[in-house]
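In: Need coordinates for the below:
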Amino acid sequence: MRTKATAVIIIIGFIITVISCFIAIAAIDAPHNASNNISCGSCHGETLMNSPFWGTGTYDQLCLSCHRRATGGPYSQTDAPAVTTHYDSSGSALAECRDCHNPHYQRQKVYKNTDASNLYLATGKITSCEYSGKDPLTNKDISTFHYSDNPPITYKSGTGWDATKLSKKTEDYRGAILFPHVNKLGYNYPITAVNPTAKTITVNGNLTTECNLFSSATFAVMYGQYIKDVLN
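Out: Here you go, the predicted structure:
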């Protein structure tokens, strides 16, 4: 009887572990989320058995299927910035993209609890947001956040960050991500424009169902293109 009970506990533990892993993977952050019309199936196939991971070759093949544009934007879901990884003198790869980058979840955002003054590029208060239709240039869904002038938006001091830089994704700029509620960091969207006169921030994504979560919330803007917090 005890053997059966132990077997049941082991099976339940295994199921919980598998479910937990899928939940962790499903919590994908921008830009690899619905804000850019990207879902798990975009990379892994509509079923797990269609995933490129079951084939041959490197994980980089998966990344480079979309990260292939060598020059500046505008970028699209399947035409993202391309960079090369590290190679030795003979041309053999020393690392894969995933050695430095996590395509699912960005751990740096949790540093808000210990180092918010260095992490946040800008902070302020959201007053409202709405879905704004399709961007005429990219044909992507976009939404607009309105922010308060009391208190006014503040930028990270001593770094030169301003409204113009927050929407950049070319040259030396990494592209910034908006977290419209600092207590709900699962919601995050790539910034496409900031209008300091109209006090608006435009992001990728259709936020029709989410906007009610952000009224009167404190927002934060953080770096895009994170790397892992530990590199081996």
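In: For the rest of this, base every contact and every neighbour count on C-alpha atoms.
Out: Fine.
In: Return the residues in contact with the residue most central in space within the chain.
Out: Taking C-alpha atoms, centre = their mean, the centroid of the chain lies closest to Ala30, which sits 1.9 Å from it. Contacts of Ala30 were listed using C-alpha atoms under 8 Å, 6 or more residues apart in numbering, and they are Asn36, Ile177, Asn188, Tyr189, Pro190.
In: Count the residues that sit near the second one.
Out: The one in question is Ile177. Ile177 is flanked by 24 other residues according to other C-alpha atoms under 10 Å.
In: Who does the strand ranked longest in the chain pair with, and is each partner parallel or antiparallel?
Out: Among the segments of the chain that qualify as a strand by DSSP state E, the longest is strand 122-134. Paired with strand 122-134 in the same sheet, following DSSP bridges, are strand 141-147 (antiparallel), strand 154-155 (antiparallel), strand 218-223 (antiparallel).
In: Show the average pLDDT along stretch 105-115.
Out: Confidence for stretch 105-115, expressed as mean pLDDT, is 75.
In: end-to-end on it?
Out: With C-alpha to C-alpha, to the nearest Å applied, stretch 105-115 spans 19 Å between its terminal residues.
In: Residue numbering should commence at 35 henceforth.
Out: Done: numbering now begins at 35, and the last item shifts to stretch 139-149.
In: Show me what counts as buried in that stretch.
Out: Using 16 or more other C-alpha atoms under 10 Å as the test for burial, stretch 139-149 gives Tyr139, Gln140, Lys143, Lys146.
In: need those in CSV with secondary structure, can you?
Out: Conversion of the buried residues of stretch 139-149 to CSV gives the following (DSSP: H, G, I helix; E, B strand; the rest coil):
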residue, secondary structure
Tyr139, coil
Gln140, coil
Lys143, helix
Lys146, helix
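In: ok so, going back, mean neighbour count, the strands paired with strand 156-168: which tops it?
Out: strand 175-181 (a mean of 23; mean count of other C-alpha atoms under 10 Å).
In: how about low-confidence regions in this protein?
Out: 35-61, 80-91, 107-108, 147, 203-208 (pLDDT under 70).
In: Helices of the chain, residue ranges please.
Out: Counting by DSSP state H, the chain has these helices, from start to end: 36-60, 74-78, 94-98, 131-134, 146-153, 197-200.
In: Next, count neighbours for the residue nearest to Gln142 when sequence neighbours are not counted.
Out: Nearest non-adjacent residue to Gln142, counting by C-alpha to C-alpha, 6 or more residues apart in numbering: Asp263, 6.9 Å away. As a burial measure, Asp263 scores 11 neighbours (other C-alpha under 10 Å).
In: quick revisit: the strands paired with strand 156-168: which one's closest to Thr118?
Out: Nearest to Thr118 among the strands paired with strand 156-168 is strand 252-257 (20.4 Å), distances taken as C-alpha to C-alpha.
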